[in-house]
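1. need a structure here:
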Amino acid sequence: MEAVERLGRRALAVVLFGSCVYSPRRARDVDLLVIVDELRDLHEKVALEVEVSRSLCRELGRAADVIVLDLESFKENLAVGTFLSGLVLGYRVLHDTIGVDELLEKLFSELAEEDYIYVKGRRWNLSAVARAKLRRRSASSNRGLREPSDV
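-> Down below sits the predicted model:
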């Protein structure tokens, strides 16, 4: 990911998510979340999203939806009902300096306590998915194993 690599130390985390993770054969595009240290303004955010998206399209030969958030905005979106709730369906951390798995696990714990249904193409009971994911992670850690973040 050439465009992400050009961000250097600004890129605190890069997360692949969406259908390319939980249903790769049916995926038509690549969804990528890039968390950077800070953004000056909306113009910079959009410019980075376009730059990374175009670069990925060239590299992968398929459409790419890129979301760039600064660290503060990422933390604000770690709440039930935001788009980050959908990451419970599957994600893969490609680069991380901020502990993304731990932050998302806290969100998934909150999600497991709610009754949250997400509808996009089909109906997803994200609360039930979160409960199942947390049970699997707990069982894995009790056996001394670490479950991959994309399950």
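
2. The chain: strands as residue ranges?
-> Counting by DSSP state E, the segments of the chain that form strands are 11-17, 29-36, 63-70, 91-96, 117-120, 122-125.

3. how far is the third one from where the chain is centred?
-> This points to strand 63-70. 10 Å (C-alpha atoms, centre = their mean, to the nearest Å).

4. before we move on, what about the second one?
-> For strand 29-36, the separation from the chain centroid amounts to 7 Å (computed by C-alpha atoms, centre = their mean).

5. hmm, back to that, the strands of the chain into CSV, with extra columns for distance to V46, mean neighbour count and mean pLDDT?
-> For every residue, glycine as well, the C-beta is placed using N, CA and C. Below are the strands of the chain laid out as CSV (distance: least, C-beta to C-beta, whole Å; neighbours: other C-beta atoms under 10 Å; pLDDT from 0 to 100):
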stretch, distance to V46, mean neighbour count, mean pLDDT
strand 11-17, 17, 22, 94
strand 29-36, 13, 22, 93
strand 63-70, 8, 19, 94
strand 91-96, 22, 17, 93
strand 117-120, 23, 11, 65
strand 122-125, 29, 11, 73
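
6. S138 is nearest to which of those?
-> strand 91-96 (18.5 Å; C-beta to C-beta).

7. Can you list the low-confidence ranges for this protein?
-> 1, 116, 118-122, 141-151 (pLDDT under 70).

8. make it 80
-> Residues of the chain meeting the criterion pLDDT under 80: 1-4, 22-24, 27, 115-125, 137-151.

9. how about the helices of the protein, start to end?
-> For the chain, applying DSSP state H gives helices covering 2-6, 19-22, 42-60, 71-76, 100-113, 126-142.

10. for the first one, packing partners?
-> This points to helix 2-6. Counting contacts by 3 or more C-beta pairs under 8 Å, 6 or more residues apart in numbering; DSSP states H and E, helix 2-6 is packed against helix 42-60.

11. Dump the C-alpha coordinates for the helix it packs on into CSV.
-> The C-alpha trace of helix 42-60 is given here as CSV (Å, rounded to 0.1, in the frame of the first residue of the first chain):
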residue,chain,number,x,y,z
LEU,A,42,-11.7,18.5,6.2
HIS,A,43,-9.8,19.3,3.0
GLU,A,44,-6.7,17.3,4.2
LYS,A,45,-9.0,14.4,5.2
VAL,A,46,-10.7,14.2,1.8
ALA,A,47,-7.4,14.6,0.0
LEU,A,48,-5.8,11.7,1.9
GLU,A,49,-8.9,9.5,1.3
VAL,A,50,-8.8,10.2,-2.4
GLU,A,51,-5.0,9.7,-2.6
VAL,A,52,-5.0,6.4,-0.8
SER,A,53,-8.2,5.2,-2.6
ARG,A,54,-6.7,5.9,-6.1
SER,A,55,-3.4,4.2,-5.1
LEU,A,56,-5.2,1.1,-3.9
CYS,A,57,-7.4,1.0,-7.0
ARG,A,58,-4.2,1.0,-9.1
GLU,A,59,-2.4,-1.6,-7.0
LEU,A,60,-5.3,-4.0,-6.5
